[in-house]
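*Asks:* what follows is a predicted structure for the sequence shown.
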Amino acid sequence: MITITDYIAKNQDRFLNELFGLIRIPSISSIAAHKPDMYRAAEYLKRALLDAGADIATVYETEGNPVTYAEKIMDPAWPTVLVYAHMDVMPVDPIDLWNSDPFDPVIIDGKIYGRGADDDKGQSFMHIKAFEYLVKTSQLRCNVKFMIEGEEEVGSPTLGAFCEKYKEMLRTDIILISDTSLIAPEIPSITTGLRGLTYLQIEVTGPNRDLHSGLFGGAVGNPVIILSKMLASVHDDNNRITIPGFYDQVMELSDNEKALLSQAPFDVEKYKEMLGIGEVWGEKGYRVPELTGTRPTFDVCGIWAGYTGEGTKTVLPAKAYAKISSRIVPNQNHHEVAELIKSYFESIAPPQVTVKVSILHGGPAYICPISLPAYKAAEMAFQDTFGKRPVPFRSGGSIPIISTFEKVLEAKSILMGFGLESDSIHSPNENFPVWNFMKGIETITRFYHHFTTE
């Protein structure tokens with residue numbers, strides 16, 4: 001019987017070519033004009049899953065973007081794994097910062113460059129190819145289902161209803177997800193926690209129209225300046241969030257959790273060098289791994305107003321806007337945090353402006369118990385392929401739909417990610433090392449072996 005490593009070596013070029021076909025589809029969920037591309041991606045994945053050995057594969061309609069579902073039921077009495085992934089990607093702006101076409105993937109210095117190369121097309125394709133190997137070599141000893149959605153990057157607004165409607169079809173023992181990262185290329189790790197998220201937009205309105213900055217400047221409140229001051233007030237001198245009640249429900253780490261987190265090696269100097277920054281920034285009294293994995297945040301993701309084109313235009317803008325991302329931790333409720341932020345900005349608005357805060361989307365944090373048999377299977381799989389035990393750690397990212405899975409499908413999720421911090425997900429020049437892609441296929445294959453034999 002051919003081994004997984006030999007199978008990967010024999011089929012590597014084909015795997016990459018098939019992945020490239022998916023990356024070439026600009027399935028940007030946040031831009032309405034790309035709606036047809038969501039269906040192209042869904043159909044592409046349907047064909048890939050059937051070719052890999054699924055018994056059935058179907059593209060389901062939702063109130064939003066489609067979901068591709070596939071399954072192979074070996075024996076109803078056997079355990080079931082549900083693979084969750086997403087086919088949608090982030091916008092590519094600013095396009096002029098890309099070194100290559102984001103939807104024409106290329107390999108440079110051993111890395112696949114393209115939007116979705118890591119998040120999440122590359123990582124989702126690892127599961128399809130691991131599944132293919134197990135089916136083709138008659139080694140699959142459990143039932144496998146795939147649910148690949150098209151709205152993760154906009155908060156999965158319709159997937160909850162999909163899960164409710166098809167709860168029986170989606171029934172599973174464990175959910176397997178690769179949408180997270182390794183600590184470093186040589187350090188295997190399993191994500192045991194994710195921060196939650198609430199996302200808002202703030203609109204500050206001053207005068208009833210844009211004004212001449214010479215005729216009115218100095219007498220009329222400038223919404224850009226006022227919004228900037230409001231945003232700056234959110235953090236105190238120790239970078240602690242000043243919004244009343246914000247920390248009331250924050251769960252502090254136990255001594256045991258701090259000890260586990262400290263196992264993950266971290267070099268602050270290399271971190272700063274990688275990011276091109278002179279110093280780190282954050283809530284006083286916490287190390288960077290704690291700041292990014294266990295503490296809540298308030299970040300401005302975008303701010304705009306007035307004239308930003310070439311040349312000059314002397315204008316006092318009528319409106320200013322900001323998009324806000326607040327990452328939350330266990331025990332915080334994303335609805336409550338959103339309302340706290342909304343109330344805060346409404347309460348501090350000076351009389352020169354009016355403020356409108358729109359709550360866009362969000363989801364709670366997630367913690368995975370390391371005592372789960374499926375976690376142990378993942379742990380042993382990493383041990384097999386990397387030669388060392390993986391480090392459990394908490395990621396600062398969010399996958400809001402996981403809490404819905406736990407509530408509706410009554411199943412825990414195992415987060416076996418293979419990305420790297422250097423992959424530039426959500427940024428120009430997103431990439432995914434070919435080595436990680438292939439190593440992911442191998443490790444996922446070994447997960448199934450341990451999951452069905454332990």
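*Replies:* Received, thanks.
*Asks:* shaky segments in the stretch 351-454 of the chain?
*Replies:* 454 (pLDDT under 70).
*Asks:* strands of that one, residue ranges please.
*Replies:* Applying DSSP state E, counting those that start in this stretch to the stretch 351-454 of the chain gives strands spanning 354-363, 366-367, 391-395, 413-415, 431-433.
*Asks:* so which elements touch the last one?
*Replies:* Right, the one you point to is strand 431-433. strand 111-113 (3 or more C-beta pairs under 8 Å, 6 or more residues apart in numbering; DSSP states H and E). (C-beta placed from N, C-alpha, C; glycine too.)
*Asks:* same question, the shortest one
*Replies:* Secondary structure elements in contact with strand 366-367, counted by 3+ C-beta pairs under 8 Å, 6+ apart, are strand 189-194.
*Asks:* apart from its chain neighbours, what residue comes closest to P317?
*Replies:* Leaving aside its sequence neighbours, P317 sits nearest to G306 (C-beta to C-beta, 6 or more residues apart in numbering; 3.6 Å).
*Asks:* how near is that neighbour to A322?
*Replies:* 13 Å (C-beta to C-beta, to the nearest Å).
*Asks:* buried residues of stretch 114-134, list them for me.
*Replies:* Across stretch 114-134, burial judged by 16 or more other C-beta atoms under 10 Å covers 114-134.
*Asks:* could you give the mean pLDDT of that stretch?
*Replies:* The pLDDT scores in stretch 114-134 average 98.
*Asks:* please, where are all the strands along the stretch 101-250 of the chain?
*Replies:* Using DSSP E, counting those that start in this stretch, strands in the stretch 101-250 of the chain cover 106-108, 111-113, 143-149, 174-177, 189-194, 196-205, 211-212.
*Asks:* for the last one, enumerate the helices and strands it packs against.
*Replies:* To tie it back to what came earlier, the one meant is strand 211-212. Against strand 211-212 (3+ C-beta pairs under 8 Å, 6+ apart) you get strand 315-316.
*Asks:* partners of the strand it packs on in the sheet?
*Replies:* strand 211-212 (antiparallel) (DSSP bridges).
*Asks:* which residues outside the partner strand are in contact with it?
*Replies:* Strand 211-212 is contacted from outside by 217, 220, 314-316, 318, using C-beta atoms under 8 Å, 6 or more residues apart in numbering.
*Asks:* ok, stretch 111-122 next?
*Replies:* Here stretch 111-122 has contacts from 16, 19-20, 22-23, 26-27, 85-87, 89-90, 92, 99-107, 152, 178-179, 419-420, 423, 425-426, 429-434, 437, using C-beta under 8 Å, 6+ apart.
*Asks:* please repeat the previous calculation with a cut-off of 6 Å.
*Replies:* Here stretch 111-122 makes contact (C-beta atoms under 6 Å, 6 or more residues apart in numbering) with 22-23, 85-86, 89, 92, 100, 102, 105-106, 179, 419, 423, 425, 430-433, 437.
*Asks:* now do the same end-to-end measure for that stretch.
*Replies:* 11 Å (C-alpha to C-alpha, to the nearest Å).
*Asks:* can you give me the domain assignment for this structure?
*Replies:* Using automatic domain parsing, the domain parsing of the chain gives 4-194+365-453, 196-250+296-362.
*Asks:* E410: which of the strands of the stretch 101-250 of the chain is closest?
*Replies:* strand 174-177 (10.6 Å; C-beta to C-beta).
*Asks:* now for the contacts of strand 211-212: which two are most distant?
*Replies:* Taking C-beta to C-beta as the measure, these span a maximum distance of 14.3 Å, between T314 and A318.
*Asks:* neighbours of the residue lying closest to Q352 once chain neighbours are set aside, just the number please.
*Replies:* Excluding the flanking residues, the one nearest Q352 by C-beta to C-beta, 6+ apart is G221, at 3.0 Å. Residues near G221, counting by other C-beta atoms under 10 Å, number 15.
*Asks:* tell me how far G221 lies from G302.
*Replies:* Noted for G221: a distance of 22 Å to G302, by C-beta to C-beta.
*Asks:* now the residue nearest to Q352: how far from I324?
*Replies:* According to C-beta to C-beta, G221 stands 21 Å off from I324.
*Asks:* T314 and A318: who's more crowded?
*Replies:* Using other C-beta under 10 Å as the criterion, T314 and A318 rank with A318 on top: 19 against 11.
*Asks:* so who does that one touch?
*Replies:* Here A318 is in contact with 206-207, 209-210 (criterion: C-beta under 6 Å, 6+ apart).
*Asks:* can you say which of the residues you listed are buried?
*Replies:* 206-207, 210.
*Asks:* list just the nearest of those to R240.
*Replies:* Distance to R240 across these (C-beta to C-beta) is lowest for G206, with 29.8 Å.
*Asks:* hang on, the earlier thing: just the buried ones from the contacts of stretch 111-122?
*Replies:* Buried members of the contacts of stretch 111-122, scored by 16+ other C-beta under 10 Å, are 22-23, 85-86, 89, 92, 102, 105, 179, 419, 423, 425, 430-433, 437.
*Asks:* so which of those belong to helices?
*Replies:* Among the buried ones among the contacts of stretch 111-122, the members falling in helices (DSSP state H) are 22-23, 437.
*Asks:* and these as TSV, adding distance to G64?
*Replies:* Converted to TSV, these look like this (distance: C-beta to C-beta, whole Å):
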residue	distance to G64
L22	20
I23	22
F437	29
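*Asks:* closest to V234 out of the residues you listed?
*Replies:* Using C-beta to C-beta, these come closest to V234 at I23, 37.3 Å.
*Asks:* okay, that closest one: pLDDT?
*Replies:* You'll see I23 listed with a pLDDT of 98.
*Asks:* against D101, how distant is it?
*Replies:* Counting by C-beta to C-beta, the gap from I23 to D101 is 10 Å.
*Asks:* A377: which of the strands of the stretch 101-250 of the chain is closest?
*Replies:* Proximity to A377 (C-beta to C-beta) singles out strand 174-177 among the strands of the stretch 101-250 of the chain, at 8.8 Å.
*Asks:* got the contact list for the closest residue to I324 other than its chain neighbours?
*Replies:* Excluding the flanking residues, the one nearest I324 by C-beta to C-beta, 6+ apart is L200, at 4.6 Å. Contacts for L200 (C-beta under 6 Å, 6+ apart) come out as 324, 341, 357, 359.
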